[in-house]
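Chemist: Structure, please.
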Amino acid sequence: MMSLDSITLYLVATMVAALLGAMMVFFGRQENSPALKWWGTAYLLGAASVALWTAAGDRLGPHLYLALNAVGFVACGMVWNAARVFHGRKPNWPGLLVGALAWVAAVTLLAPEASMLRMIIGAGIVSVYAALTASELWTERRKSLQRRWPAFVMPVMHGCVLMLPVLIGSFLRPHDAGFSQSIWVKVFAVELILYAVGTVFVIFMLVSERTVTAHRTAASTDPLTGMLNRRGFSEACGRVIEREAKAGRPVTVMIFDIDHFKSINDRFGHPAGDEMLKLFSTVVVSNLRITDMSGRIGGEEFAALLPCSLEEGVLVAERVREAFETSGVVVDEGPVDTTVSIGVAGGPAGTELEVLLASADTALYQAKRGGRNRVEAAEELPLSLENWRRQSAARISAPQPRPATA
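Modeler: Model prediction:
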């Protein structure tokens with residue numbers, strides 16, 4: 001028993017879709033999200049098309065009827081393009097229109113009595129767009145899609161629900177004119193409501209996840225250089241050290257300190273100092289591998305962690321020092337000295353980051369005392385941070401203080 005007819009169900013579905021579409025357009029404008037605008041506009045177009053088709057029915061002329069169906073297929077193409085835009089890709093304009101053009105061609109070229117074949121073509125077009133949408137989301141599985149499986153599953157299920165009864169009808173009852181008026185029409189209407197609501201839930205889940213990721217990235221990134229800040233560097237290095245420890249491989253840490261940076265700020269101004277920091281960050285990133293971690297840990301101090309031996313780390317540090325020294329910065333007042341002192345420390349698999357940084361800081365102190373613009377490797381790795389603190393206290397109380405690093 002079913003008390004609601006198909007027309008009522010389709011009108012309810014279109015009202016739900018229109019409300020959700022308006023909501024997505026509104027939030028798309030509020031959040032300046034092009035993808036939400038695409039999704040919302042697609043919902044509004046699809047709802048308007050289905051509503052007019054359901055309400056007017058046979059009163060529509062053949063040309064208007066064909067146009068409304070074409071708009072519905074354009075809406076399906078817009079959903080696919082919204083997924084593309086959401087992931088930073090350009091809209092596929094030919095693909096947006098090809099479904100509507102294929103439908104117009106099918107209606108124009110097929111005989112009027114071939115209603116079953118037209119229904120198969122229409123369901124196939126929608127299913128193809130659903131598969132393309134799912135494929136677009138699946139290509140982003142590397143970007144933490146473990147918890148976003150509904151974004152892939154829902155379009156696939158939508159396409160399957162559309163195609164299954166069509167395939168059954170084409171094979172089992174190809175000449176049954178009443179197939180289009182069967183219970184499947186009501187099933188489609190109910191499925192359309194569920195799909196509309198579920199898809200919007202998934203869309204806002206994706207947008208929310210991206211917003212959280214953006215905030216997390218901002219919290220771990222230095223805004224001036226674009227490198228990791230101290231917090232982000234520590235978190236990233238912790239993961240690398242844990243990974244290398246499982247493989248039994250050593251790691252190396254280096255600390256960079258731009259020489260006489262305070263005098264650069266005093267002589268040429270803070271904008272010139274900022275440009276110097278940007279230049280050095282570029283030099284560091286350019287001379288490290290993609291698997292190496294680097295970051296700005298404070299002021300003119302930078303750090304890097306490399307999954308390699310101490311000897312290899314010293315070679316990389318020397319390469320960075322030479323590249324920065326020969327960068328040839330010139331301002332209106334004349335050339336600017338670009339030198340950096342580097343301390344390098346290595347340790348066996350599983351050595352804590354704090355211990356490596358403490359040892360590298362000791363080596364950096366030696367590089368500063370040795371005349372700057374040089375690389376020094378730590379001779380002995382501290383067994384613990386407590387030992388390093390005792391060494392630091394001894395240095396502070398020594399007759400010759402540590403030169404200023406600025």
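
Chemist: How much space separates the nearest residue to Glu244 once chain neighbours are set aside from Glu113?
Modeler: Sequence neighbours aside, Pro307 is the residue nearest to Glu244 in space, at 4.9 Å (criterion: C-beta to C-beta, 6 or more residues apart in numbering). To be clear about C-beta, it is placed using only N, CA and C from the backbone, and glycine gets the same treatment. Distance of Pro307 to Glu113, given as C-beta to C-beta, to the nearest Å: 70 Å.

Chemist: Contacts only, for Gly370.
Modeler: By C-beta atoms under 8 Å, 6 or more residues apart in numbering, the contact list for Gly370 reads Glu376.

Chemist: change it to 10 Å
Modeler: Ser341, Glu376 (C-beta atoms under 10 Å, 6 or more residues apart in numbering).

Chemist: So, low pLDDT: which residues of the stretch 1-150 of the chain?
Modeler: Across the stretch 1-150 of the chain, the ranges flagged by pLDDT under 70 are 1-6, 57-58, 139-150.

Chemist: And the strands in it?
Modeler: In the stretch 1-150 of the chain, no strands are defined using DSSP state E, counting those that start in this stretch.

Chemist: Please name every helix or strand in contact with the stretch of helix or strand Val284 belongs to.
Modeler: Element membership for Val284 (DSSP states H and E) is helix 270-286. When contacts are defined as 3 or more C-beta pairs under 10 Å, 6 or more residues apart in numbering; DSSP states H and E, helix 270-286 packs onto strand 251-258, helix 261-268, strand 293-298, strand 301-306, helix 310-325, strand 329-331, strand 334-336, strand 340-347.

Chemist: got the angle between it and strand 251-258?
Modeler: 160 degrees (axes from the mean of the first three to the mean of the last three C-alpha atoms, to 10 degrees).

Chemist: Just the buried residues of helix 270-286, please?
Modeler: For helix 270-286, burial by neighbour count (16 or more other C-beta atoms under 10 Å) applies to Ala272, Gly273, Glu275, Met276, Leu277, Leu279, Phe280, Ser281, Thr282, Val283, Val284, Val285.

Chemist: Closest one to Thr221 out of those, please.
Modeler: Of all these, the one with the least separation from Thr221 (C-beta to C-beta) is Ser281, at 11.6 Å.

Chemist: just to revisit the earlier point, can you give the distance of the helix holding Val284 from its chain's centre?
Modeler: With C-alpha atoms, centre = their mean, to the nearest Å as the basis, helix 270-286 stands 26 Å off its chain's centre.

Chemist: what's the angle between that helix and strand 340-347?
Modeler: 40 degrees.

Chemist: Let's test this: mean pLDDT of helix 270-286, rounded?
Modeler: For helix 270-286, mean pLDDT is 90.

Chemist: and Arg216, what pLDDT?
Modeler: On the pLDDT scale, Arg216 gets 69.

Chemist: hmm, back to that, ramachandran angles for the residue nearest to Glu244?
Modeler: phi -80, psi 80 (degrees, to the nearest 10).

Chemist: Relative to Ala196, which of the buried residues of helix 270-286 is nearest.
Modeler: Among these, and counting by C-beta to C-beta, the member closest to Ala196 is Val285, at 45.5 Å.

Chemist: which residues does the residue nearest to the closest one when sequence neighbours are not counted bridge with?
Modeler: The shortest distance from Val285 to any non-neighbouring residue, by C-beta to C-beta, 6+ apart, is to Ser294 (6.3 Å). Here Ser294 sits in beta bridges with Ala304, going by DSSP bridges.

Chemist: Contact partners for Ser294?
Modeler: Counted by C-beta under 10 Å, 6+ apart, Ser294 has contacts 225, 227-228, 233, 236-237, 254, 256, 281, 284-285, 287-288, 302-306, 320.

Chemist: one step back: which one of Pro307 and Glu113 has more residues nearby?
Modeler: Pro307 (20 against 8; other C-beta atoms under 10 Å).

Chemist: any idea how far Ser127 is from that one?
Modeler: For Pro307, the distance to Ser127 - C-beta to C-beta - is 47 Å.

Chemist: again, but for Ala35
Modeler: Taking C-beta to C-beta, one finds Ala35 at 22 Å from Ser127.

Chemist: can you check Ser135 too?
Modeler: From Ser135 to Ser127 the distance is 12 Å (C-beta to C-beta).

Chemist: can I see the domain layout of this protein?
Modeler: With domains defined by the TED database, the chain comprises 6-219, 230-381.

Chemist: hey, which of these is tucked in deepest?
Modeler: Burial of the domains of the chain is given as mean neighbour count (mean count of other C-beta atoms under 10 Å); domain 230-381 ranks first at a mean of 18.

Chemist: quick one on the thing from earlier: can you convert the buried residues of helix 270-286 into TSV and add a column each for distance to Thr362?
Modeler: Listed next are the buried residues of helix 270-286 as TSV, based on distance: C-beta to C-beta, whole Å:
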residue	distance to Thr362
Ala272	31
Gly273	27
Glu275	30
Met276	25
Leu277	24
Leu279	27
Phe280	22
Ser281	24
Thr282	28
Val283	24
Val284	21
Val285	25
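
Chemist: of those, closest to Leu64?
Modeler: Closest to Leu64, out of all of these and judged by C-beta to C-beta, is Val285, at 59.2 Å.
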